[in-house]
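Peer 1: predicted model follows, preceded by the sequence.
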Amino acid sequence: MLLRQIERFLRETDMPWTKFGRLAARDPRFVEDLRNGRVPRPATTARIELFMNRYREHHHAN
């Protein structure tokens with residue numbers, strides 16, 4: 001489930017949920033909407049997962 005992955009990512013990176021939404025989805029309310037039951041399209045889910053993977057790769061390398 002995407003929301004669980006995002007919540008784990010937020011804990012790991014200590015990133016505010018609004019910043020995550022802006023960076024990953026260009027929507028600061030994205031995480032709040034998911035928490036309230038929004039179901040993202042498959043393409044959106046793939047884009048968010050790609051963002052998290054790239055962010056981890058970049059920030060673990062430093």
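Peer 2: Everything's here; your move.
Peer 1: surely Thr13 touches Tyr55?
Peer 2: Yes: with contact defined as Cβ atoms under 8 Å, Thr13 reaches Tyr55; the gap is 7.1 Å. Every residue, glycine included, has its C-beta placed from N, CA and C.
Peer 1: pull the lowest-mean-pLDDT helix or strand in the chain out as PDB, backbone CA atoms only.
Peer 2: Within the chain, no helix or strand scores below helix 42-61, which has a mean of 93 by mean pLDDT, DSSP states H and E. Output of helix 42-61 as PDB, limited to C-alpha atoms (Å, rounded to 0.1, in the frame of the first residue of the first chain):
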ATOM      1  CA  PRO A  42      -1.300   3.600 -11.000                       C
ATOM      2  CA  ALA A  43       0.800   6.100 -12.900                       C
ATOM      3  CA  THR A  44       0.800   8.400  -9.800                       C
ATOM      4  CA  THR A  45       1.800   5.500  -7.600                       C
ATOM      5  CA  ALA A  46       4.600   4.600  -9.900                       C
ATOM      6  CA  ARG A  47       5.900   8.200 -10.000                       C
ATOM      7  CA  ILE A  48       5.800   8.500  -6.100                       C
ATOM      8  CA  GLU A  49       7.600   5.200  -5.700                       C
ATOM      9  CA  LEU A  50      10.300   6.400  -8.200                       C
ATOM     10  CA  PHE A  51      10.700   9.600  -6.300                       C
ATOM     11  CA  MET A  52      11.200   7.800  -3.000                       C
ATOM     12  CA  ASN A  53      13.700   5.400  -4.500                       C
ATOM     13  CA  ARG A  54      15.700   8.100  -6.200                       C
ATOM     14  CA  TYR A  55      15.700  10.200  -3.000                       C
ATOM     15  CA  ARG A  56      17.000   7.300  -0.900                       C
ATOM     16  CA  GLU A  57      19.700   6.500  -3.500                       C
ATOM     17  CA  HIS A  58      20.900  10.100  -3.600                       C
ATOM     18  CA  HIS A  59      20.800  10.800   0.100                       C
ATOM     19  CA  HIS A  60      22.300   7.400   1.100                       C
ATOM     20  CA  ALA A  61      25.200   8.000  -1.200                       C
END
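Peer 1: what is it packed up against?
Peer 2: helix 2-13 (3 or more Cβ pairs under 8 Å, 6 or more residues apart in numbering; DSSP states H and E).
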